[in-house]
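Q: any chance you could fold what I've pasted below:
(one chain, ligands or ions: 1)
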Amino acid sequence: MQQVKVFLNEDEIPRQWYNINADLPLQNPLLEPPDKKIATPEFLGAIFAGNLLEQSVSTERWIDIPEEILELIYRWRPSPLKRAVYLEKALGTPAKIYYKDESVSPPGSHKPNTAVPQAWYSKQMGITKITTETGAGQWGSALAFACSLVGIECKVYMVRISFDQKPFRKIMMRTWGANCIASPSNETKAGRDILAKDPDTPGSLGIAISEAIEETLADKSGKTKYALGSVLPHVLLHQTIIGLEAKKQLEKINVKKVDVVIGCAGGGSNFAGLAFPYVYDKMNGADIKIIPVEPTACPTMTRGPFAYDYGDTSEIAPIAPMHTLGHTFVPPPIHAGGLRYHGMAPQVSQAIIEGLLDPLALHQSECYEAALMFAKTEGLIIAPETSHAVAAVIQEAKKAREEGKEKVILFNLSGHGLMDLAGYQNYLDGKLKDYSLSDEELKKYLESIKDMPIPIGA
Ligand SMILES: Cc1ncc(COP(=O)(O)O)c(C=O)c1O
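A: Here you go, the predicted model:
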C-alpha cells in the first residue's frame, strides 16, 4: 500500500511564519501617488492596518503566529499533503507528485490563511470595517469568512465579469455576513468615471482595488481599512504556513529532496506560500526548480518588465516595484479570474530578477485539459487558477518520464473549482478560447508607466 495522505496534528502546526525579507531584501521601497516619492507611514497607514504594515517591512526571519490565530485556523489547518499516485499512474511517470490540498478550508482555497490573520490583526487595532476587492470571488469569500470569525464588517467589490459568472460566491459572502457588489460600481468616483467611459466594461482587479481604497479613505474616523488578498509582503508571509507544513509532512515520510516546486501565480501569494521556504533552501545551495505559472492571456512575469507601477487602475494605490503589464491593462475574459492581475508581488518579482525562479505561461485550454485529467484520476475538481499549476506539473512529470528520472514534484492545490463550473462547461462544450497578448497591445498598456522612476534591478 502506498501512502497517499500525510497529516499533521494540531500540535505539529508551524508556530512561526517565514519572512523572506530577511534573506531576499527588497531593493526598492513603495512609492506614493501622485508625486512618486517614497511612501510615508501616514499615507500607507490611512489605507492599511498599521500592525500589518509593520509585518510587511519586518526583516526578522521568523515571525510568531499568535496563539489566537492558530486557534481560529485549526478549523482546517494543518492541511493534508497528498501524493497524486493515480495521476502518476495515468501519466506513466517515475516522478513522485505531492500536493498541499488548500481546498479544504471552509471557503475552498488558500486565501483564509491570510484573511484570518488580517482580520484578527485589524481587530487588535480597533478597526471595525474592512473593504476589499475580489476577482474570482475566492478572496472575497475568504475575507467574509474571516471577518465573521472575528466580528468585523466586510465590504467586497467584485470584478463585474466574475460577479456575473460566479453567482454562488456572492451567496457565500452574504452567508458569512459580507456586503458584495459588482465593480465598477456607482458607489465610488473611481467606479463612476470608468462606467461613464465604458458602461459594458468587464471590470478588473485594478478597478476594484481603486474602489475599495476610495471607500476606506472616505472614512475619516480611520476605523475602515483596506485588505489586499495577495501581492503585499505580509500576505505572502502568512501563506508560508503552507510550505512550512509541507516540509514537515515530507520529513515525516522520509522524502529528503524536492526537485521541482510549482504554484499558479496571480498576485503571487499561494505560489510564494508554498515556494518561499524552498527558495530559502535554493539560496542556501539546494538544487530546486521553482516554477510560478501564469496565463498566456495575462503574462505578467514572462512578458511584463520589472518596473514601478500603481497597484490599481485609478492611481490612488501605492506604487510598487514589480513585473507588470501596466495598470491600465484590462485582461481578456479567461476563466481563471484570480490570475488576471496586472502586477506580480514585489518579493516574487525580486526572486525572478535574482534568477531564483523559472516562470511559465500557459494557455487556458491546456490548463482545462490538465484539470480534467486531474479530476478523472485524483477526483478533485480544481479551481481554474489551480489548473495552471497542474498543467505545469504534468509537463514536468512527462519530462521526468522521458529522462527516466524519479523526480519529486511538489505543487500547491490552491483551491477547488466547485463554484467555477461555468468554465468547465465552456471547455466541455468546446467553447473555450485561448488569448495571447499582442506586442502592440502590451506596448499600449505599458505607455501608462513610461514616466515612472526606474527601480534598482530593472
Ligand atoms: C484558487 C486560487 N488560486 C490562486 C489564486 C491566485 O492568487 P495568488 O497568486 O495570490 O495565490 C486565486 C486568486 O483568486 C485563487 O482563487
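Q: only C-alpha atoms for contact and neighbour calcs from this point on.
A: Will do.
Q: please, which helix or strand holds A182?
A: A182 is part of strand 179-183 when elements are defined by DSSP states H and E.
Q: who's in contact with that strand?
A: With contacts defined as Cα atoms under 8 Å, 6 or more residues apart in numbering, strand 179-183 is touched by 154-160, 163, 170, 173-174, 191, 203-204, 207-208, 211.
Q: please apply the same query to stretch 254-263.
A: 250, 270-272, 274-275, 278, 287-293, 386, 388-389, 392-393, 407-414.
Q: run the last query once more with 6 Å
A: 271, 288-292, 389, 407-412 (Cα atoms under 6 Å, 6 or more residues apart in numbering).
Q: which parts of this structure sit against the ligand?
A: Contact residues (Cα under 6 Å from any ligand atom) of the chain with the ligand: 109, 135-136, 138-139, 230, 265-271, 338-339, 383, 385-386, 414-415.
Q: from the chain's centroid, how far away is the strand holding A182?
A: For strand 179-183, the separation from the chain centroid amounts to 20 Å (computed by Cα atoms, centre = their mean, to the nearest Å).
Q: and for stretch 151-159?
A: On Cα atoms, centre = their mean, the centre of stretch 151-159 falls 18 Å from the chain's centre.
Q: give the pairing partners of the strand holding A182; include direction for each.
A: Here strand 179-183 is paired, per DSSP bridges, with strand 153-159 (parallel).
Q: list of residues touching the strand it pairs with?
A: By Cα under 6 Å, 6+ apart, strand 153-159 touches 129-135, 140, 178-183, 203-204, 208.
Q: also stretch 322-342?
A: Stretch 322-342 has contacts (Cα under 6 Å, 6+ apart) with 135-136, 266, 298, 300-301, 304-307, 313, 343-344, 346, 349, 384-385, 423, 445-446.
Q: go with 7 Å
A: 135-136, 162, 204-206, 265-267, 294-295, 297-298, 300-301, 304-313, 343-346, 349, 384-385, 423, 442, 445-446, 448-449 (Cα atoms under 7 Å, 6 or more residues apart in numbering).
Q: I'd like the mean pLDDT over that stretch, please.
A: The average pLDDT for stretch 322-342 rounds to 90.
Q: does Q27 really touch I456, like I thought?
A: Yes - with contacts counted by Cα atoms under 7 Å, Q27 reaches I456, the gap being 6.4 Å.
Q: could you point out which element follows the strand holding A182?
A: Heading C-terminal from strand 179-183, the first helix or strand you meet, by DSSP H and E, is helix 189-197.
Q: I'd like the next helix or strand past that following helix.
A: Sequence order places helix 205-218 as the next helix or strand after helix 189-197, per DSSP H and E.
Q: with just CA atoms, put that next one into CSV.
A: Written as CSV, here are the backbone C-alpha positions of helix 205-218 (Å, rounded to 0.1, in the frame of the first residue of the first chain):
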residue,chain,number,x,y,z
LEU,A,205,-8.9,43.8,-10.2
GLY,A,206,-7.2,47.2,-10.6
ILE,A,207,-10.5,49.0,-10.8
ALA,A,208,-12.0,47.0,-7.9
ILE,A,209,-8.9,47.9,-5.8
SER,A,210,-9.4,51.6,-6.6
GLU,A,211,-13.0,51.5,-5.4
ALA,A,212,-12.2,49.6,-2.2
ILE,A,213,-9.4,52.0,-1.3
GLU,A,214,-11.5,55.0,-2.1
GLU,A,215,-14.2,53.8,0.4
THR,A,216,-11.5,53.3,3.0
LEU,A,217,-10.1,56.8,2.6
ALA,A,218,-13.6,58.3,2.7
